[in-house]
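Visitor: Pasting the sequence and the predicted model now:
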Amino acid sequence: MRAPKVVAVIPARGGSKQVPRKNVLPIGGVPLIARAIATARASSKIDMVAVSTDDAEIAAVARAHGALVIDRPSELAGDTVSSESALLHALGELGDKGLMPEVLVFMQATSPFIDVDELNDAVIRVLAGGEDVVFSAFETYAFLWQSTDHGAVGVNHDRAVRPRRQDREPHFQETGAFYVMNASGFRQAGHRFFGRVGIAVTEERSAIEIDTAEQVEIASVLASILDVPSVIDVDAVVTDFDGVHTNDNTVISADGTEHVTVSRSDGMGVRMLREAGIPVLILSTEENAVVAARAKKLKVEVLHGVDDKASALITWAEEKGIPLDRIAYLGNDVNDVGCLRLVGWPVVVPGAHRLARATARITLGHRGGDGAVRELAERVLRAKPEGRK
């Protein structure tokens with residue numbers, strides 16, 4: 001095999017105290033390590049993607065998403081071991097295979113929103129030779145302070161002078177997302193900042209680095225805003241009923257019969273999925289004749305009166321022979337969270353409960369009972385060959 005010119009290495013150890021199993025934690029339905037791999041593989045400037053790990057689960061996910069796995073020894077996987085140590089080990093392993101690159105791209109899985117264009121530009125700059133290192137950072141005009149025994153002290157400003165933002169030069173805060181380095185220079189220096197260093201300026205809103213449970217929640221919400229794919233490539237669609245096929249309102253007649261309002265547009269969306277050969281399941285906690293009646297009208301499978309929706313979904317997927325990561329699930333409330341966490345494409349409607357919204361990969365534009373199912377159907381069909389004409 002010919003040695004690649006540019007290799008991305010993603011260190012991802014199994015141990016994480018503040019956020020357990022952090023590197024395989026799904027953000028917007030996609031494990032963090034899978035997000036980093038997908039970004040690197042989407043780069044037109046990166047020739048190979050490698051994951052350095054000591055963990056079997058991380059290794060399996062990495063291989064499934066197309067990365068070369070470098071087995072990291074346990075002595076390089078502790079809390080106090082530097083990222084540089086893992087990178088130097090990875091380069092040594094690549095060198096032994098005749099794969100020593102000219103440029104090393106150090107990417108961190110804990111930064112879920114790396115921009116491919118910014119990454120490409122950083123690689124081009126290092127390849128051109130004008131800079132030895134280019135790292136991601138965002139522009140900030142914040143007044144920084146340090147607490148001392150003698151009180152607070154201004155770090156980047158004189159506290160007696162408060163210039164306007166437009167009168168100040170910006171500082172740049174490291175995001176930790178990526179560091180593009182001349183590989184031989186890095187091996188010689190042993191640390192990531194050597195020679196001439198440049199900054200790849202990124203947007204602050206996408207610069208979150210996940211180290212705490214609170215940051216996981218923030219990133220999950222951001223994912224539904226920053227990740228806006230128009231195409232959903234899946235092999236099956238599973239939906240909740242109330243709040244998805246309906247607007248979550250019920251009219252009860254004098255004899256206790258419940259009536260709901262549904263969308264003919266949604267009905268057409270389900271028909272389009274059926275005609276394309278894509279299985280559709282309605283999965284509902286409610287045991288109500290109206291759910292079964294609607295499923296019969298739509299000619300799709302239904303499971304209702306289900307207390308444990310997640311277990312029911314797993315069983316259905318196994319019976320159909322469809323991997324969970326090839327399923328889109330559309331929900332809106334807390335009892336959908338278990339299913340949303342299982343599938344590859346967790347989707348919610350606008351106005352969904354905050355816990356469901358935080359788990360989702362996509363928030364649709366149409367509300368439940370008003371075209372949400374049709375919108376999902378069209379995005380799914382767009383991924384099929386006949387939908388790309």
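Guide: It's in.
Visitor: What mean pLDDT does stretch 346-353 get?
Guide: For stretch 346-353, mean pLDDT is 93.
Visitor: And the strands in the stretch 1-150 of the chain?
Guide: Assigned by DSSP state E, counting those that start in this stretch, the stretch 1-150 of the chain shows strands spanning 6-11, 26-27, 30-31, 48-53, 68-71, 103-107, 133-140, 145-148.
Visitor: strand partners of the fourth one, parallel vs antiparallel please.
Guide: Just to be clear, that refers to strand 48-53. Strand 48-53 pairs in its sheet with strand 6-11 (parallel), strand 68-71 (parallel), by DSSP bridges.
Visitor: Could you pull up the mean pLDDT of it?
Guide: If you average the pLDDT over strand 48-53, you get 97.
Visitor: Report the angle between that strand and strand 103-107.
Guide: Angle, strand 48-53 to strand 103-107, by axes from the mean of the first three to the mean of the last three Cα atoms, to 10 degrees: 50 degrees.
Visitor: How much space separates the closest residue to residue 204 other than its chain neighbours from residue 64?
Guide: In space, and not counting its chain neighbours, residue 204 is closest to residue 138: 4.3 Å by Cβ to Cβ, 6 or more residues apart in numbering. Yep, even glycine has a C-beta here, placed from its N, CA and C like the rest. Distance, residue 138 to residue 64, using Cβ to Cβ, to the nearest Å: 32 Å.
Visitor: Do a quick rundown of the helices in this protein.
Guide: Using DSSP state H, the helices of the chain run over 32-42, 56-64, 83-96, 116-127, 183-189, 213-226, 264-275, 289-298, 309-320, 337-342, 354-359, 372-382.
Visitor: Next up, the contacts around the nearest residue to residue 211 once chain neighbours are set aside.
Guide: In space, and not counting its chain neighbours, residue 211 is closest to residue 18: 6.1 Å by Cβ to Cβ, 6+ apart. Listed by Cβ atoms under 8 Å, 6 or more residues apart in numbering, the contact set of residue 18 reads 211, 212, 213.
Visitor: Tell me the pLDDT of the closest residue in space to residue 379 that isn't next to it in sequence.
Guide: Here the nearest residue to residue 379 in space, its sequence neighbours aside, is residue 232; by Cβ to Cβ, 6+ apart that works out to 4.4 Å. What the model reports for residue 232 is a pLDDT of 90.
Visitor: can you count the residues close to residue 232?
Guide: Close neighbours of residue 232, defined as other Cβ atoms under 10 Å, add up to 20.
Visitor: go on, residue 290?
Guide: 20.
Visitor: Need the per-residue pLDDT for it.
Guide: On the pLDDT scale, residue 290 gets 87.
Visitor: how about it, what does it touch?
Guide: Shown in contact with residue 290 (Cβ under 8 Å, 6+ apart): 258, 259, 260.
Visitor: what separates it from residue 311, distance-wise?
Guide: Residue 290 is 24 Å from residue 311, by Cβ to Cβ.
Visitor: so can I have JSON lines of the strands of the stretch 1-150 of the chain showing mean neighbour count and distance to residue 204?
Guide: Listed next are those as JSON lines, based on neighbours: other Cβ atoms under 10 Å; distance: least, Cβ to Cβ, whole Å:
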{"stretch": "strand 6-11", "mean neighbour count": "26", "distance to residue 204": "23"}
{"stretch": "strand 26-27", "mean neighbour count": "24", "distance to residue 204": "18"}
{"stretch": "strand 30-31", "mean neighbour count": "24", "distance to residue 204": "22"}
{"stretch": "strand 48-53", "mean neighbour count": "25", "distance to residue 204": "26"}
{"stretch": "strand 68-71", "mean neighbour count": "17", "distance to residue 204": "32"}
{"stretch": "strand 103-107", "mean neighbour count": "25", "distance to residue 204": "19"}
{"stretch": "strand 133-140", "mean neighbour count": "20", "distance to residue 204": "4"}
{"stretch": "strand 145-148", "mean neighbour count": "10", "distance to residue 204": "19"}
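Visitor: and those strands as TSV, adding distance to residue 327?
Guide: Below are the strands of the stretch 1-150 of the chain laid out as TSV (distance: least, Cβ to Cβ, whole Å):
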stretch	distance to residue 327
strand 6-11	26
strand 26-27	14
strand 30-31	14
strand 48-53	25
strand 68-71	26
strand 103-107	28
strand 133-140	34
strand 145-148	49
